[in-house]
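Novice: Kindly generate the corresponding structure for this input.
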Amino acid sequence: APETRAPEKPALSGDDVDWMWPANGRLIAPYAEGGSKGVDIEGRIGEPVLAAEAGKVTYAGSGIRGYGNLLIIQHANSLSSVYAHNSRLLAKEGQQVARGQKIAELGNSDADLAKLHFEIRRQGKPLDPIKLLPPR
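Specialist: Numbering: from 1, shown residues only. This is a model prediction of the structure:
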């Protein structure tokens, strides 16, 4: 008898990372090729920012102009996620974080309103997070 197997879920952009939304607010600015390197998610100051996937914090600080209080997490498959404009950083550089762990508090640092700017990158190149995040 021929072997029957369930069809495999197609890998998005060549990865099998199970991303989740890092904040609950509504999308207020989309990814734009050659423009915005990520998406902006509306929120209120102090709301939780969650790790979109497990990984290791490779940057926690405010030294990158235009991003305010920023966290960068390194994941599998040369992927990283970027969380900008936080009011408070809870994760530290070098720390391992779990998917869904509260890593920061939403804010408006170096921004015109309270929002989370979220990016997903592969080897430093921005990807459209909407194509990788689950539908809302």
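Novice: Look up how far N69 lies from D110.
Specialist: 8 Å (Cβ to Cβ, to the nearest Å). C-beta here means a position set from N, CA and C on the backbone, and glycine is covered the same way.
Novice: neighbour-wise, which of the two wins?
Specialist: The residue with more neighbours, out of D110 and N69, is N69; 20 against 16, by other Cβ atoms under 10 Å.
Novice: how about the CA coordinates for stretch 44-63, as PDB?
Specialist: Provided in PDB are the C-alpha atoms of stretch 44-63 (Å, rounded to 0.1, in the frame of the first residue of the first chain):
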ATOM      1  CA  ARG A  44      -0.900  52.600  25.200                       C
ATOM      2  CA  ILE A  45       2.200  53.400  27.200                       C
ATOM      3  CA  GLY A  46       3.000  50.500  29.600                       C
ATOM      4  CA  GLU A  47       1.100  47.700  27.600                       C
ATOM      5  CA  PRO A  48       3.100  44.500  27.400                       C
ATOM      6  CA  VAL A  49       5.400  43.800  24.500                       C
ATOM      7  CA  LEU A  50       5.900  40.100  24.000                       C
ATOM      8  CA  ALA A  51       8.700  38.100  22.300                       C
ATOM      9  CA  ALA A  52       7.200  37.000  18.900                       C
ATOM     10  CA  GLU A  53       9.400  33.900  19.100                       C
ATOM     11  CA  ALA A  54      12.000  32.300  21.400                       C
ATOM     12  CA  GLY A  55      15.500  33.500  21.100                       C
ATOM     13  CA  LYS A  56      18.500  35.400  22.600                       C
ATOM     14  CA  VAL A  57      18.500  39.100  23.200                       C
ATOM     15  CA  THR A  58      21.400  40.500  21.200                       C
ATOM     16  CA  TYR A  59      20.700  44.200  21.800                       C
ATOM     17  CA  ALA A  60      18.900  46.100  24.500                       C
ATOM     18  CA  GLY A  61      19.300  49.900  24.600                       C
ATOM     19  CA  SER A  62      18.700  53.300  23.100                       C
ATOM     20  CA  GLY A  63      21.800  53.800  21.000                       C
END
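Novice: Show the average pLDDT along that stretch.
Specialist: Mean per-residue pLDDT for stretch 44-63: 97.
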